[in-house]
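In: sequence isn't available, so here's the structure alone:
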């Protein structure tokens, strides 16, 4: 009682006797010493407590740990700022092993308290619970957490259950707040009237409120571990257990126990948001056949897969929780590819990630505890590394459900502090951008690297396209003359019409946060020779059996027949080539598509000869004696008088089909994919 009187600056009131549990030391006459003993022994006694219940119940151990998380992340209060008594926050707590749903409740409550911190402190002051000269003490964090939970329950008293774990100091503070519930509720009403808020959520900043609305009904994503099973086997098993499969994502919005195949990643399944808790304990997840992970982290592994040849190794710069590294490894051939993972700190963490890999039956992942900046580019371990996946520690500004993302990806709890604020720390953003650029420059210096996939969960252009563009220009200016320059190419991911409408550029992929998935950015930097001709690309692809190459040199009769057909096709093409078709001055992919995908001029024969230096040259088309006659120059088309709108409509419908934005993206991606697969590294 004396401690509460000193902390609150008011006369204590009589309250019911404290309910204690036998595991705590009791009998000391000093309340402050009693509380210190309870806090000290709580971590030892938490395992003997019964933590159970549905999502509407919050128990004392959850209050205790949520207050520790909040204390390590909270902003200084107004009293601390005015009195200039701002002390550094303690370190985030290390939570003991517990069920994931309990851990989710702890972080949800701490994150909610961070978002409403200003409102809760105003309520404590305006209601008289805190006097104006009150000193913030160690009880402030637990008081804020309990009050936030009361706010979510609309000040309805929490029912106690038989056998519920009870912490004496938490119970004392909870009962004290309940006795002040009328005044606290009145203070809340005054704040809502002041800001004309129809609900408590309307008191939050607009961008935080919009993010919470998008994340509240976010679907649950899971990727199929194709080393242990297949997509068809998983879908069949889910159907047998009562799940229904929808053809589109729209079909799972209104019905629980439904799922659909993802449109971007072929091994990713999309579930209704209400299936999350059931899937966590599902047999497929427990056996490692299905892995729950945010959709934004799945685009990078699939971009890497499309850039690999047999025998290529991969570097992943930030292992994190290990699930993204495992996803990359599951898409490769186990005995022909090695995935090197950086960013794992401590042997205990290495053992934990290796345990996850064994559960998924992944054998080609090697974790490296060294800092990636300390690794020499000429290290023989990385002599076969051709592709690098860069997943930096960005601002996570595109995440719509921070708690779920933090639990899945193993991020630090500081993520909750950053996303609970309305404004963005410009200094920290500049620091992150500098780190991203240094990391990208470093990995591009590995001698055998042919492609770098850079992906973030940020919506800031400073972290996305600005970083990639500046680093690409820097690397190309500093490269050796014998090295090919890096160029930005579109990620090899199928896009929906909705994605195409929101794209800023055709060179990278940007997805804005929505109710479907969080925001992310994907860019691919590839070493490609712009001087390569379409015939070079086709020849290399044909050498690997990916397509039928250009006709080889045969007898004169075959040449005569081919060139004759070529002349006919060329004459025909001069009449049917649509306006705006890619010319020889455009990119490699456009020229490749022109020559191989059935575009005009594809039948014209091109002979590739090797020079003494080993480089290939494109020579003029071979023509036999029958076709040596010079082609007449194509006459300039005569200008036709403008027709009426009705005639224009008829003529346009009868002409060639105009390529859409989606067709261009798909053709460019296909061309780059064939180039990367056919190029001899």
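Out: Looks like it came in fine. All figures in this text were calculated on a predicted structure; none of them were measured in a lab.
In: contacts for the strand or helix carrying residue 66, please.
Out: Assigning secondary structure by DSSP states H and E places residue 66 in helix 60-73. Here helix 60-73 makes contact (C-beta atoms under 8 Å, 6 or more residues apart in numbering) with 42, 46, 49, 51, 89-93, 95, 102, 105-107, 109-110, 113-114, 141-142, 144-146, 149, 164-167, 170-171, 174, 413-414, 416-417, 420. To be clear about C-beta, it is placed using only N, CA and C from the backbone, and glycine gets the same treatment.
In: take those and keep only those in helices.
Out: When helices are assigned by DSSP state H, the members of these inside them are 42, 102, 105-107, 109-110, 113-114, 141-142, 144-146, 149, 170-171, 174, 414, 416-417.
In: just the buried members of those?
Out: Members of these that pass the buried threshold by neighbour count (16 or more other C-beta atoms under 10 Å) are listed as 42, 102, 105-107, 109-110, 113-114, 141-142, 144-146, 149, 170-171, 174, 416-417.
In: least trustworthy helix or strand in this protein by mean pLDDT?
Out: Across the helices and strands of the chain, the lowest-confidence element by mean pLDDT, DSSP states H and E is helix 588-596, at a mean of 35.
In: and the helix holding residue 66, average pLDDT?
Out: Taken as a whole, helix 60-73 carries a mean pLDDT of 93.
In: one more: stretch 397-406?
Out: 93.
In: measure it end to end?
Out: Distance across stretch 397-406, first residue to last, is 13 Å (C-alpha to C-alpha, to the nearest Å).
In: show me what it is in contact with.
Out: Residues contacting stretch 397-406 (C-beta under 8 Å, 6+ apart): 104, 107-108, 111, 211-212, 214-215, 218, 294, 296, 396, 411-413, 415-416, 419, 424, 456-460, 511-513, 518-521.
In: among these, which are in strands?
Out: Among the contacts of stretch 397-406, the members falling in strands are 456, 511, 520-521 (criterion: DSSP state E).
In: follow-up on the earlier one: ok, residues contacting the helix or strand following the helix holding residue 66?
Out: Taking DSSP H and E as the definition, the helix or strand that follows helix 60-73 towards the C-terminus is helix 78-83. Helix 78-83 is touched from outside by 86-87, 121, 134-136, with contacts defined as C-beta under 8 Å, 6+ apart.
In: with pLDDT and secondary structure added, can I get these in a markdown table?
Out: Listed next are these as a markdown table, based on pLDDT from 0 to 100; DSSP: H, G, I helix; E, B strand; the rest coil:
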| residue | pLDDT | secondary structure |
| --- | --- | --- |
| 86 | 81 | coil |
| 87 | 82 | coil |
| 121 | 93 | helix |
| 134 | 68 | coil |
| 135 | 70 | coil |
| 136 | 75 | coil |
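In: in the residues you listed, which residue is surrounded by the most others?
Out: Using other C-beta atoms under 10 Å as the contact criterion, the top neighbour count among the contacts of helix 78-83 goes to residue 121, which has 21 neighbours.
In: three-state assignment of the closest residue to residue 458 other than its chain neighbours?
Out: For residue 458, ignoring the flanking residues on the chain, the nearest one in space by C-beta to C-beta, 6 or more residues apart in numbering is residue 394 at 4.5 Å. Under DSSP: H, G, I helix; E, B strand; the rest coil, the three-state class of residue 394 is coil.
In: how close does residue 394 sit to residue 429?
Out: To residue 429, residue 394 is 9 Å away according to C-beta to C-beta, to the nearest Å.
In: which neighbours do the two share?
Out: When contacts are counted by C-beta under 8 Å, 6+ apart, residue 394 and residue 429 are jointly contacted by residue 463.
In: other SSEs contacting the helix or strand encompassing residue 352?
Out: In this structure, residue 352 sits in helix 347-359 according to DSSP H and E. In terms of contact count using 3 or more C-beta pairs under 8 Å, 6 or more residues apart in numbering; DSSP states H and E, helix 347-359 is assigned the packing partners helix 323-330, strand 365-367.
In: please identify the deepest-packed of the ones you listed.
Out: Here the criterion is mean neighbour count by mean count of other C-beta atoms under 10 Å, and of these the winner is helix 323-330, at a mean of 26.
In: contacts made by it with the rest, please.
Out: Residues lying outside helix 323-330 but in contact with it, judged by C-beta under 8 Å, 6+ apart, are 223, 225-227, 291, 293, 297-298, 300-301, 304-305, 314, 316, 319, 337, 339, 341, 353, 356-357, 360, 362, 364-365, 389, 391, 408-409.
In: where in this protein is pLDDT low?
Out: The model of the chain has pLDDT under 70 over residues 1-58, 132-134, 529-681.
In: residue 409 contacts residue 297, doesn't it?
Out: Yes: the pair residue 409 and residue 297 passes the contact test of C-beta atoms under 8 Å, sitting 6.9 Å apart.
In: how many neighbours does residue 275 have?
Out: By other C-beta under 10 Å, the residues close to residue 275 number 20.
In: offset the numbering so it begins at 595, please.
Out: Okay, using 595 as the starting number, the last item reads as residue 869.
In: and for residue 755, the neighbour number?
Out: 12.
In: and what of residue 840?
Out: With neighbours defined by other C-beta under 10 Å, the count for residue 840 comes to 16.
In: Provide the secondary structure category for the closest residue to it other than its chain neighbours.
Out: Across the structure, with C-beta to C-beta, 6+ apart as the measure, the residue nearest residue 840 apart from its sequence neighbours is residue 854 (4.4 Å). Recorded secondary structure, residue 854: strand (three-state DSSP).
In: now the one 3 residues further on
Out: For residue 857, the assignment made with three-state DSSP gives coil.
In: quick one: contacts for it?
Out: Taking C-beta under 8 Å, 6+ apart as the criterion, residue 857 is in contact with 843, 1088, 1090.
In: one more time with 10 Å
Out: If you count contacts by C-beta atoms under 10 Å, 6 or more residues apart in numbering, residue 857 has them with 842-843, 864, 1087-1090, 1092-1093, 1110.
In: what count of nearby residues applies to residue 832?
Out: Here the number of neighbours of residue 832 (other C-beta under 10 Å) works out to 22.
In: equivalent analysis for the one 10 residues further on, please.
Out: Counted with other C-beta under 10 Å, residues neighbouring residue 842 total 11.
In: residue 785 too?
Out: A count of neighbours around residue 785, defined by other C-beta under 10 Å, yields 16.
In: was I right to think residue 829 contacts residue 861?
Out: No: under the criterion of C-beta atoms under 10 Å, residue 829 lies out of contact with residue 861, with a separation of 11.1 Å.
In: on that earlier part again, quick one: which of the contacts of helix 672-677 is nearest residue 940?
Out: Taking C-beta to C-beta as the measure, residue 940 lies nearest residue 681 of these, at 28.6 Å.
In: isn't the closest one right up against residue 732?
Out: No: Residue 681 is not in contact with residue 732 according to C-beta under 10 Å; the separation is 11.3 Å.
In: the helices in the stretch 945-1094 of the chain, which residues?
Out: 996-1003, 1008-1013, 1020-1037, 1059-1072, 1091-1095 (DSSP state H, counting those that start in this stretch).
In: quick one: list the elements packing against the third one.
Out: Under the contact criterion of 3 or more C-beta pairs under 10 Å, 6 or more residues apart in numbering; DSSP states H and E, the helices and strands touching helix 1020-1037 comprise strand 979-984, strand 1045-1050, helix 1059-1072, strand 1114-1121.
In: thanks a lot, see you next time.
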